[in-house]
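K.L.:
quick one: sequence and predicted model below, then my questions.
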Amino acid sequence: MQVTDHRRASASSTDARQPVGSLRARRLEASWVTQTEELREAQRLRYRVFAGEMGARLCAYPGVPPGHDADRFDEFCAHLIVRAWSAGCVVPQVVGTYRVLTPQAALRAGGFYSETEFDLAPLGPLRARMAELGRACVDPKWRTGGTILTLWSALGKFMIGHGLDVALGCASVGLSDGGGEAVALWHRLSASHLAPAERRVRPLRPLPLTQAPLPVAKASVPPLIKGYLNCGAELLGAPAWDRDFNTAELPMLMRFADLPQRHRRHFIDPVLRAR
């Protein structure tokens, strides 16, 4: 498989936190995939998390070895990886990944991945400035603020470098409890973070909302969704049901114009000053 374009940004940071159940990190380093084997490392991490941890039923993809999560969109995406350089390690481990589909690449791919789950017609006016963030994945031992910060810093640089200021993504909520937590989370977030009617999208396969939800006040907000909301993201509508991944998919939209000032100072302003 040929890995293509978009390889401008890199970022690194020292993580003062200790990863859960592992060694202290000397350095976390983000980079964009340029070789097939780097992509395979990201796909192996995705498989371990999605299939091994979340119980997703992942179909084999032609030309990709078993034990990898891959689909037809991978060849059109830019893939971000974070490596952890730990004390005593010889080869740094890939501990986090994201993939990014730009508007131009989405045209070549026949659309955004999210369009397999939602009718995105209301977002038409934003498409030329909108990138899709997907397949967010962090190794369980490295789910720390430092890893997330390293990923998002590199993503911010990528977006600005490509003249994009809107990010679309789906946040996954597991359904191992029968869906009660996902329904409760939908009710909680729709009361406070629902997008205006003109930007709401429709799920093609809606998550049934008839399950008895947990008490809304007890619905926990997953770290990734909490991070999006802290950055001013809005919920675009009701969740879709992904049968293969056994998840509820919450459509989220983040606009640079809505970033709180504290996040803008960290992610946006330094990049603009360096241009």
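P.N.:
Now that the structure is in, tell me what you want to look at. What you see is a predicted model; the values in this text were computed from it and never measured.
K.L.:
quick one: the strands in the stretch 151-275 of the chain?
P.N.:
Taking DSSP state E, counting those that start in this stretch as the test, the strands found in the stretch 151-275 of the chain are 166-174, 202-203, 234-235, 240-242, 247-255.
K.L.:
and the contacts of the fourth one?
P.N.:
Counting by CB atoms under 8 Å, 6 or more residues apart in numbering, strand 240-242 makes contact with 117-118, 170, 172, 203-208, 248-249, 251, all of which sit outside it. Using the backbone N, CA and C atoms, a C-beta is placed for each residue, glycine as well.
K.L.:
and these, which is closest to V100?
P.N.:
Nearest to V100 among the contacts of strand 240-242 is C170, at 13.8 Å by CB to CB.
K.L.:
any regions of the stretch 151-275 of the chain where pLDDT drops low?
P.N.:
Scanning the stretch 151-275 of the chain for pLDDT under 70 picks out 211-214, 216-218, 263-275.
K.L.:
does the residue nearest the centre of the chain count as helix, strand or coil?
P.N.:
Against the mean C-alpha coordinate of the chain, by CA atoms, centre = their mean, the closest residue is A136 at 3.3 Å. Classification of A136 using DSSP: H, G, I helix; E, B strand; the rest coil returns strand.
K.L.:
in contact with it, which residues?
P.N.:
So, once contact is read as CB under 8 Å, 6+ apart, A136 ends up touching T97, Y98, L151, G169, L224.
K.L.:
any chance of the strands of the stretch 151-275 of the chain in TSV, plus distance to L28?
P.N.:
Converted to TSV, the strands of the stretch 151-275 of the chain look like this (distance: least, CB to CB, whole Å):
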stretch	distance to L28
strand 166-174	21
strand 202-203	35
strand 234-235	29
strand 240-242	29
strand 247-255	22
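K.L.:
let me know which of these is the nearest to P92.
P.N.:
strand 166-174 (26.2 Å).
K.L.:
partner strands of the closest one and their direction?
P.N.:
strand 130-138 (parallel), strand 247-255 (antiparallel) (DSSP bridges).
K.L.:
now distance to L123 too, for the ones you listed, in JSON lines please.
P.N.:
Below are the strands paired with strand 166-174 laid out as JSON lines (distance: least, CB to CB, whole Å):
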{"stretch": "strand 130-138", "distance to L123": "7"}
{"stretch": "strand 247-255", "distance to L123": "7"}
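K.L.:
nearest to G179, of the ones you listed?
P.N.:
strand 247-255 (6.8 Å).
K.L.:
so which of the contacts of A136 are in helices?
P.N.:
Judged by DSSP state H, these include L151, L224 as members of helices.
K.L.:
redo the contacts of A136 as TSV? Include neighbour count.
P.N.:
Converted to TSV, the contacts of A136 look like this (neighbours: other CB atoms under 10 Å):
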residue	neighbour count
T97	26
Y98	24
L151	25
G169	24
L224	18
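K.L.:
reformat the contacts of A136 as JSON lines; add distance to H162.
P.N.:
What follows is the contacts of A136, written out as JSON lines (distance: CB to CB, whole Å):
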{"residue": "T97", "distance to H162": "19"}
{"residue": "Y98", "distance to H162": "14"}
{"residue": "L151", "distance to H162": "17"}
{"residue": "G169", "distance to H162": "16"}
{"residue": "L224", "distance to H162": "22"}
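K.L.:
next, the distance between the ends of stretch 43-59.
P.N.:
13 Å (CA to CA, to the nearest Å).
K.L.:
now that stretch, how far from the centre of its chain.
P.N.:
Centroid separation for stretch 43-59 versus its chain: 15 Å, with CA atoms, centre = their mean, to the nearest Å.
K.L.:
now do that stretch: everything it contacts.
P.N.:
64, 67-70, 74, 94-97, 135, 137-140, 172, 174, 176, 243-247.
K.L.:
buried set for that stretch?
P.N.:
Q43, R44, L45, R46, Y47, R48, V49, F50, A51, A56, L58 (16 or more other CB atoms under 10 Å).
K.L.:
which ones among the residues you listed are found in helices?
P.N.:
Q43, R44, L45, R46, Y47.
K.L.:
what's the burial count for the residue nearest to L194 when sequence neighbours are not counted?
P.N.:
Closest residue to L194 apart from its sequence neighbours, by CB to CB, 6 or more residues apart in numbering: L235 at 5.3 Å. Counted with other CB atoms under 10 Å, the neighbours of L235 add up to 24.
K.L.:
that'll do, ta.
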